[in-house]
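K.L.:
sequence-free structure coming up:
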């Protein structure tokens, strides 16, 4: 059985994070505003569209070149470091951790695709572990320093978009033809838009004033 394309894995993860963000808000007693609810709804729509698109498989793409793969992973890690430094200087620590966490998760997801190709690419299990470990740590730190929905939304956007772009640019991963391909693209757009809405600052509905 062929492995799921990298783009499919990313869309599943992005939609799942959107749903988890909604649940975390409910458990903590926060009420989502219109933007937050729309973000969760779009994430769920993306998951449903993706599930339908799985009815048509497609090729896994090429293996890419070692130089191109290392350049992508190294460049992503450097951008994550730069974002953390900028966030520390500007005071936007939580947002920067969400962005950096998403970048590191994207390294983990991209490395997963590489490692499952077997052969010499199995060595990328090292960057897989590093990416997921640092990504998880950064998100946990971000949750402690700011709005969990903002942190999760920013991380989701990057975790979803960058590995898909890496699969297309570095590995030449194709999109299924016809209606299934269009539906899969719709899924990516929906979960990405959902992440943007979840990252917006207006998440809470003001509580009604109580009389004295």
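P.N.:
That came through, no problem. All values reported here derive from a predicted model rather than from experimental measurement.

K.L.:
tell me which element the most centrally placed residue in the chain is part of?
P.N.:
When CA atoms, centre = their mean is applied to the chain, the residue found nearest the centroid is residue 159 (2.4 Å). Following DSSP states H and E, one finds residue 159 within helix 148-169.

K.L.:
and after that helix, which helix or strand comes next?
P.N.:
Taking DSSP H and E, what comes next after helix 148-169 is helix 178-199.

K.L.:
Give the other helices and strands that that next one contacts.
P.N.:
Here helix 178-199 touches helix 6-27, helix 34-53, helix 148-169, going by 3 or more CB pairs under 8 Å, 6 or more residues apart in numbering; DSSP states H and E. Where you see a C-beta, it was placed from the backbone N, CA and C, and this is true even at glycine.

K.L.:
which stretch in those has the least confidence?
P.N.:
Among the helices and strands packed on helix 178-199, helix 6-27 carries the lowest mean pLDDT, a mean of 57.

K.L.:
re earlier: could you measure the residue nearest to the centre of the chain against residue 114, distance?
P.N.:
Residue 159 is 16 Å from residue 114, where distance means CB to CB, to the nearest Å.

K.L.:
for residue 128, same thing?
P.N.:
According to CB to CB, residue 128 and residue 114 sit 8 Å apart.

K.L.:
got it, and residue 124?
P.N.:
4 Å.

K.L.:
Residue 176 too?
P.N.:
21 Å.

K.L.:
out of those two, which sits in the busier spot?
P.N.:
Using other CB atoms under 10 Å, the more surrounded residue of residue 176 and residue 114 is residue 114, with 26 against 21.

K.L.:
Mind pulling up the pLDDT for that one?
P.N.:
89.

K.L.:
So it is in contact with residue 121, correct?
P.N.:
Yes. If you go by CB atoms under 8 Å, residue 114 and residue 121 touch, sitting 4.6 Å apart.

K.L.:
buried sites along the helix ranked longest in the chain?
P.N.:
Counting residues, the longest helix in the chain under DSSP state H turns out to be helix 66-90. If you call a residue buried by 16 or more other CB atoms under 10 Å, then helix 66-90 has these buried ones: 69, 72-73, 76-77, 80, 83-84, 87.

K.L.:
so which one among those residues has the lowest pLDDT?
P.N.:
residue 87 (90).

K.L.:
who's in contact with that one?
P.N.:
93, 95-97, 99-100 (CB atoms under 8 Å, 6 or more residues apart in numbering).
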